[in-house]
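*Asks:* turn this into a model:
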Amino acid sequence: MIPYGRQDISEEDIEAVERVLRSDFLTQGPVIPAFERKFCDYTGANHAVAVNSATSALHIACLALDLGPGDILWTVPNTFVASANCAYYCGATVDFVDIDPDTRNMDVSALEAKLDGAAHAGCLPKIVVPVHFAGQSCDMRAIAELAKRYGFQVIEDASHAVGGSYADKRIGGCQFSEITIFSFHPVKIITTGEGGLALTNNAELAERMDLYRSHGVTRDASLMESPLKGPWYYEQVALGFNYRMTDLQAGLGLSQMQRLDAFTKKRNELAQTYNSLLQELPIGLPHQSFDTYSAWHLYTVLIPQPANRDVVFQEMREKGVGVNVHYIPVHLQPFYKKRGFKEGMFPYAEAHGNKTLTLPLHPNLTAEQQTHVVSALGEAIS
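*Replies:* Below is the predicted model of the structure:
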């Protein structure tokens with residue numbers, strides 16, 4: 001089976017993890033801050049906080065921005081559930097903004113219209129979470145302008161987009177947001193096994209996220225209520241969590257970072273090959289905005305009527321192609337339907353969810369495999 005996504009682990013990666021195994025620290029050692037500094041250097045952000053997953057990063061980002069009961073977070077339905085769930089972790093509620101049918105990212109026009117209505121109703125969001133679907137940035141400049149006008153804060157869910165760019169700047173620099181989130185799951189651009197990262201230019205937000213990732217416990221005298229009694233002394237000053245990344249994960253991540261640009265370059269080449277090979281088929285191809293350089297985490301096509309996406313999915317699997325679906329709209333999950341969301345509320349996201357099919361895309365995909373994917377798709381549609 002040709003997988004839709006797969007990690008690329010080199011001998012150098014293995015050696016990097018082995019060095020950590022032979023060191024004095026397996027966790028809470030020097031490799032984690034080195035990994036964080038590497039990402040600051042790469043993106044231009046001032047601060048980075050490494051954690052055990054992007055979901056954890058979303059949670060502590062919301063906590064750092066004081067999201068809580070009575071507050072509302074908006075995101076898109078076309079994402080993994082974590083982009084919305086992080087609000088409920090904080091006791092807040094969630095609403096959604098429909099997607100642009102071309103980019104499949106948050107529709108800025110729909111966002112503006114919804115904000116205008118919310119302003120009149122007195123229920124504006126505290127946080128908006130644009131999701132860089134498949135690796136392509138949202139229109140962050142326009143979203144940032146709306147944030148200034150309506151007074152909300154922005155968390156970029158860039159879980160798909162490490163290595164990508166927007167407006168000639170690497171994603172993660174937080175030029176248009178308070179916090180940016182990356183994921184290092186094995187199917188993402190680089191991996192730490194599991195892992196995530198929160199980037200920010202705000203020192204206070206970084207300090208708060210650092211506190212929340214480690215039980216709310218600190219050895220920083222400036223944060224303590226009592227005088228520092230010795231190097232052994234610590235205080236719990238907030239209700240935090242054990243969201244720490246290990247040095248083993250960070251060691252792998254540091255090694256993978258050496259190939260990040262090569263990975264994204266290869267993914268772009270594979271996407272262009274798909275664009276060329278698939279242009280004769282009656283399907284919808286991904287659209288790329290002129291001011292973005294996608295990390296190409298996913299290559300998704302739209303299966304039009306009268307072909308049935310679910311039938312095409314099954315036939316592709318039978319032909320040895322590990323296609324997938326990204327995503328079932330979040331608001332149609334049972335958990336969210338119990339909270340009042342219904343079919344028909346976000347038609348573009350729902351249409352996408354019914355037609356989308358994710359084709360294999362990863363750096364080790366061969367030309368022969370890619371040709372087989374395209375051939376199998378053509379046969380399944382016909």
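
*Asks:* so what pLDDT did W232 get?
*Replies:* Looking at W232, its pLDDT reads 88.

*Asks:* which residues does it contact?
*Replies:* Contact analysis of W232 by Cβ atoms under 8 Å, 6 or more residues apart in numbering lists nothing. (C-beta placed from N, C-alpha, C; glycine too.)

*Asks:* from M224, how far out is the nearest residue to A367 once chain neighbours are set aside?
*Replies:* Ranked by Cβ to Cβ, 6 or more residues apart in numbering and with sequence neighbours excluded, the top spatial neighbour of A367 is T273, at 7.8 Å. Going from T273 to M224 by Cβ to Cβ, to the nearest Å gives 57 Å.

*Asks:* re earlier: how near is the residue nearest to A367 to I303?
*Replies:* From T273 to I303 the distance is 20 Å (Cβ to Cβ).

*Asks:* do I127 as well
*Replies:* For I127 relative to I303 (Cβ to Cβ), the value is 34 Å.

*Asks:* thinking again about what came up before, who touches the helix or strand hosting the residue nearest to A367?
*Replies:* For T273, the host element (DSSP states H and E) is helix 260-278. With Cβ under 8 Å, 6+ apart as the test, helix 260-278 has contacts from 8, 42, 135, 162-164, 189-190, 285-286, 293-297, 299, 301, 359, 361-363, 365, 367, 370-371, 374, 377.

*Asks:* mark which of those residues are part of helices, please.
*Replies:* Y42, A367, Q370, T371, V374, L377 (DSSP state H).

*Asks:* which one is the third one nearest to, not counting chain neighbours?
*Replies:* Computed as Cβ to Cβ, 6+ apart, the closest residue to Q370 that is not its neighbour in sequence is T273, at 6.0 Å.

*Asks:* repeat that for the first one.
*Replies:* With sequence-adjacent residues excluded and distances taken as Cβ to Cβ, 6+ apart, Y42 is closest to R170, at 6.6 Å.

*Asks:* quick revisit: can you tell me the average pLDDT over the helix holding T273?
*Replies:* 98.

*Asks:* what's around P33, how many residues?
*Replies:* 13 (other Cβ atoms under 10 Å).

*Asks:* show me what contacts it?
*Replies:* No contacts exist for P33 under Cβ under 8 Å, 6+ apart.

*Asks:* that one - that's part of a helix, no?
*Replies:* Yes: applying DSSP: H, G, I helix; E, B strand; the rest coil, one finds P33 inside a helix.

*Asks:* how near is the residue nearest the centre of the chain to P286?
*Replies:* Centroid check for the chain by Cα atoms, centre = their mean gives S159 as the closest residue, at 1.7 Å. Distance, S159 to P286, by Cβ to Cβ: 17 Å.

*Asks:* and for F152?
*Replies:* Between F152 and P286 the computed distance is 29 Å (Cβ to Cβ).

*Asks:* with A82 instead?
*Replies:* Separation of A82 from P286 (Cβ to Cβ): 22 Å.

*Asks:* next one: M316
*Replies:* Taking Cβ to Cβ, one finds M316 at 17 Å from P286.

*Asks:* make sure T246 is actually in contact with L26.
*Replies:* Yes: using Cβ atoms under 8 Å, T246 makes contact with L26 at a distance of 6.2 Å.

*Asks:* these two: which has the busier surroundings?
*Replies:* A count of neighbours by other Cβ under 10 Å puts T246 above the other of T246 and L26, at 22 against 13.

*Asks:* beta-bridge partners for that one, please?
*Replies:* T27 (DSSP bridges).

*Asks:* which stretches in the stretch 51-200 of the chain count as helices?
*Replies:* 54-64, 82-89, 108-121, 140-150 (DSSP state H, counting those that start in this stretch).

*Asks:* dump the last one to CSV, keeping only the CA atoms.
*Replies:* It stands for helix 140-150. Taking C-alpha atoms only, helix 140-150 is exported to CSV below (Å, rounded to 0.1, in the frame of the first residue of the first chain):
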residue,chain,number,x,y,z
MET,A,140,-3.1,36.4,7.2
ARG,A,141,-2.6,40.1,6.3
ALA,A,142,-6.4,40.5,5.8
ILE,A,143,-7.2,38.5,8.9
ALA,A,144,-4.8,40.7,11.0
GLU,A,145,-6.5,43.8,9.7
LEU,A,146,-9.9,42.4,10.9
ALA,A,147,-8.3,41.5,14.2
LYS,A,148,-7.4,45.2,14.8
ARG,A,149,-10.8,46.3,13.8
TYR,A,150,-12.8,43.9,15.9
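
*Asks:* and the contacts of stretch 352-359?
*Replies:* The contact list for stretch 352-359 (Cβ under 8 Å, 6+ apart) reads 4, 77-78, 99, 101, 104, 274, 284, 298-304, 309, 312-313, 316, 321, 323-329, 332, 373, 377.

*Asks:* are any of those residues buried, and which?
*Replies:* 4, 77-78, 99, 104, 274, 284, 298-303, 309, 312-313, 316, 321, 323-329, 332, 373, 377 (16 or more other Cβ atoms under 10 Å).

*Asks:* how close does the residue lying closest to T358 once chain neighbours are set aside sit to I190?
*Replies:* Using Cβ to Cβ, 6+ apart and skipping the chain neighbours, the partner closest in space to T358 is N324 (4.3 Å). Going from N324 to I190 by Cβ to Cβ gives 20 Å.

*Asks:* appreciated, that's everything.
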